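Novice: need a structure here:
(one chain, ligands or ions: 2)
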Amino acid sequence: MGAAPPVLSVVVPIFNEESVLPLFVARLRTVLDSLGETYEVVAVDDGSVDATPAALSGARRQWPQLRVVRLRRNSGHQAALIAGLMRAHGTYVASIDADLQDPPETILEMLRLARDEHLDIVYGVRNDRHSDTLFKRWTAGLYYKIMRRLVGKQVPAHAGDFRLLSRAAVEALRELPERSPVLRLVVPWLGFPSGEVLYQRAGRAAGRTKYPLSKMFALATDSITSFSSAPLRVATWLGLIGVIVSGVLAVIAVVAFFLDETVRGWPSLFIAIVFLGAVQLLFLGLLGEYVARIYTSVQARPAYYIASDSENAPAENVEER
Ligand code: UDP
Ligand code: MG
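Specialist: Ligands and ions are numbered 1, 2, ... in the order given. Here you go, the predicted model:
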């Protein structure tokens, strides 16, 4: 890297994208070369086990602005994104997925908006979700609704991790002590002036999604537990209500006893036991989520390890191992 930092850095987390990578690299390069300013691309190879590392090394030979950061093992989309953000030098830093669902052309629009309106954050907001399944649309809608409630209205709905950050915003992120923040929530939470650019989210150009249901669920739990302890309070309230209800029931039972009315109650007894058991387990699990969060943050293990960074080595030495 020369003395002056580039105007724009583009961070790309990549995991097993051999089928889409050539398309992506070609399209991104066309767009960035048309910018007419200095730029760098920080491709974070998130421990790919297909032909991705080879493809990246190959692309790097023909594209000097392409820098390849390799993680030692697959650490997840968020960790890869953070690894790239922390290493980017640009005055503005954009992040984009490698599967061409986010159009690279939109980055130029984001940059223009950020400069014209002096914004620190520009979100890419999907103008519709037709390329997603009904299920994903529905769960995503619910997710953003809950998170806007918990974090605040500055969280844009339907903005994923396609966005542009100013150097100031990146530095603010860097200073957060949190090891693995949920970026799409922490970024709006930083409170910088922000804007939005609408874009049409395409279907995947090739390959398959790396976000199965289990990862979506993990993201949702992380999101909620990292921003709110409200679910814990629900347990307290439910417990309180349970105490009152059972108190009333006890009085009724005693009165019925003295009136010599037999209380017919096997089914209700059974339901009550199962219900209470279930509620207790549910909240025990919920409590566990928070404890687990404390546990991982106390361990303070890095969210990822860098295996190699082409910036620190001459081109020949950064081939995959
Ligand atoms: N990705 C990654 N590590 C992972 C999973 C995904 O770096 O463990 C990358 C992936 O290569 C892509 C981006 O993160 O560039 C988004 O993943 P994907 O398109 O599979 O998610 P979806 O768009 O289906 O939510
Ligand atoms: Mg995708």
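
Novice: contacts and neighbour counts: CA atoms only from here.
Specialist: Fine.

Novice: can you name the residues of the stretch 1-150 of the chain that neighbour ligand 1?
Specialist: Contacts of the stretch 1-150 of the chain with ligand 1, taken as C-alpha under 6 Å from any ligand atom, map to 13-15, 17, 46, 74-77, 80, 97-99.

Novice: farthest pair in the residues you listed?
Specialist: Taking C-alpha to C-alpha as the measure, these span a maximum distance of 18.0 Å, between S75 and D99.

Novice: more crowded one of the two?
Specialist: D99 (25 against 18; other C-alpha atoms under 10 Å).

Novice: report the buried residues of the lowest-mean-pLDDT helix or strand in the chain.
Specialist: Every helix and strand in the chain was compared by mean pLDDT, DSSP states H and E; the lowest is helix 230-258, with a mean of 84. Neighbour-count burial for helix 230-258, counted by 16 or more other C-alpha atoms under 10 Å, picks out A235.

Novice: which other helices and strands does it contact?
Specialist: helix 266-299 (3 or more C-alpha pairs under 8 Å, 6 or more residues apart in numbering; DSSP states H and E).

Novice: what angle sits between the helix it packs on and helix 230-258?
Specialist: Angle of helix 266-299 versus helix 230-258, following axes from the mean of the first three to the mean of the last three C-alpha atoms, to 10 degrees, is 160 degrees.

Novice: how about helix 266-299: buried residues?
Specialist: Counting neighbours by 16+ other C-alpha under 10 Å, helix 266-299 gives 283, 286-287, 289-290 as buried.

Novice: ranges for the strands of this protein?
Specialist: With DSSP state E, the ranges of strands along the chain come out as 8-14, 39-45, 66-71, 92-95, 121-126, 159-166, 194-199, 306-309.

Novice: need these in a markdown table (columns: mean neighbour count and distance to Y144).
Specialist: What follows is the strands of the chain, written out as a markdown table (neighbours: other C-alpha atoms under 10 Å; distance: least, C-alpha to C-alpha, whole Å):
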| stretch | mean neighbour count | distance to Y144 |
| --- | --- | --- |
| strand 8-14 | 27 | 23 |
| strand 39-45 | 26 | 27 |
| strand 66-71 | 24 | 30 |
| strand 92-95 | 27 | 20 |
| strand 121-126 | 25 | 12 |
| strand 159-166 | 24 | 9 |
| strand 194-199 | 18 | 16 |
| strand 306-309 | 17 | 32 |
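
Novice: okay, these in TSV with distance to G152 next?
Specialist: Below are the strands of the chain laid out as TSV (distance: least, C-alpha to C-alpha, whole Å):
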stretch	distance to G152
strand 8-14	26
strand 39-45	31
strand 66-71	33
strand 92-95	23
strand 121-126	16
strand 159-166	14
strand 194-199	14
strand 306-309	34
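
Novice: any chance of those in a markdown table, with mean pLDDT too?
Specialist: Shown next, in a markdown table, are the strands of the chain (pLDDT from 0 to 100):
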| stretch | mean pLDDT |
| --- | --- |
| strand 8-14 | 98 |
| strand 39-45 | 98 |
| strand 66-71 | 97 |
| strand 92-95 | 98 |
| strand 121-126 | 94 |
| strand 159-166 | 94 |
| strand 194-199 | 94 |
| strand 306-309 | 94 |
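
Novice: R233: which of those strands is closest?
Specialist: strand 159-166 (28.8 Å).

Novice: how deep is I82 tucked in, by neighbour count?
Specialist: 24.

Novice: what about the stretch 201-321 of the chain, any weak spots by pLDDT?
Specialist: Residues of the stretch 201-321 of the chain meeting the criterion pLDDT under 70: 262-264, 313-321.

Novice: so which bits of it are right by ligand 1?
Specialist: So far as C-alpha under 6 Å from any ligand atom goes, the stretch 201-321 of the chain lies against ligand 1 at 209-211.
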